[in-house]
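Peer 1: show me how the following folds:
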Amino acid sequence: MRSLLIPSLAAAALMLGGCGLRPLYADGSRGAVAQMLADVDVGPIEGHSGWLVRNALRDRLQAAQGGQGAGRRLRLDVRLEDSITGFGVRADDAVTRERRTLRARYQLVDAATGEVLLDATAAQDAGIDVVGSEYATIAAESSALERLASGVADQIVARLAIFANRGGGQAAPAPLP
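Peer 2: Residues are numbered from 1 along each chain as shown. Okay, here's the model as predicted:
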């Protein structure tokens, strides 16, 4: 049994080494991903949901910047679409369930040239129970928006990190209207 274990472990180690996987944040703060994230400044985003998303993005990017504030070489432009749709209708036409959806179209722009380097989208949704208390429903909608903003920010930063890891630098479609 022991004679089979060692060759099996050696074969597994060789297969894992050749699979091409490598850490996204390799080389820590000196790596390509951390350097690019440190150069990103988040532009203003409209509305309450925009305020939440912008703060979440800045928190995540500031961690990559070592707490030194926003970079200036790249700008992240984000446009949000926040919607609440009622479904689960009772016989008296009262809504019993809602779905809140937060969609973001974002572009990474070279601040010096205005060239769009990345154009992508992110989206999250959450279900909300509509209860007899209007206050409780509004509180649930607000809480859902906070979670959605955090999730969208996580998706955006992850996509930026992947973009940086792959080398980035390719032009994308026209700027946001």
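Peer 1: from here on, just use CA atoms for contacts and neighbour counts.
Peer 2: OK.
Peer 1: where does the spatially most central residue of the chain land in three-state SS?
Peer 2: Among the residues of the chain, the one closest to the centroid is residue 155, at 2.1 Å (C-alpha atoms, centre = their mean). Of the three states, residue 155 takes helix according to DSSP: H, G, I helix; E, B strand; the rest coil.
Peer 1: same question, the one 3 residues further on
Peer 2: Under three-state DSSP, residue 158 falls in the helix class.
Peer 1: burial count for it?
Peer 2: The tally of other residues near residue 158 (other C-alpha atoms under 10 Å) stands at 13.
Peer 1: do you know how far it is from residue 53?
Peer 2: 14 Å (C-alpha to C-alpha, to the nearest Å).
Peer 1: check whether the residue nearest to the centre of the chain really touches residue 124, as I assumed.
Peer 2: No - applying C-alpha atoms under 8 Å, one finds residue 155 not in contact with residue 124, separated by 9.2 Å.
Peer 1: quick one, strands of this protein?
Peer 2: Per DSSP state E, the chain carries strands over the ranges 40-42, 74-89, 95-110, 116-129.
Peer 1: winner for burial among the ones you listed?
Peer 2: Burial of the strands of the chain is given as mean neighbour count (mean count of other C-alpha atoms under 10 Å); strand 40-42 ranks first at a mean of 23.
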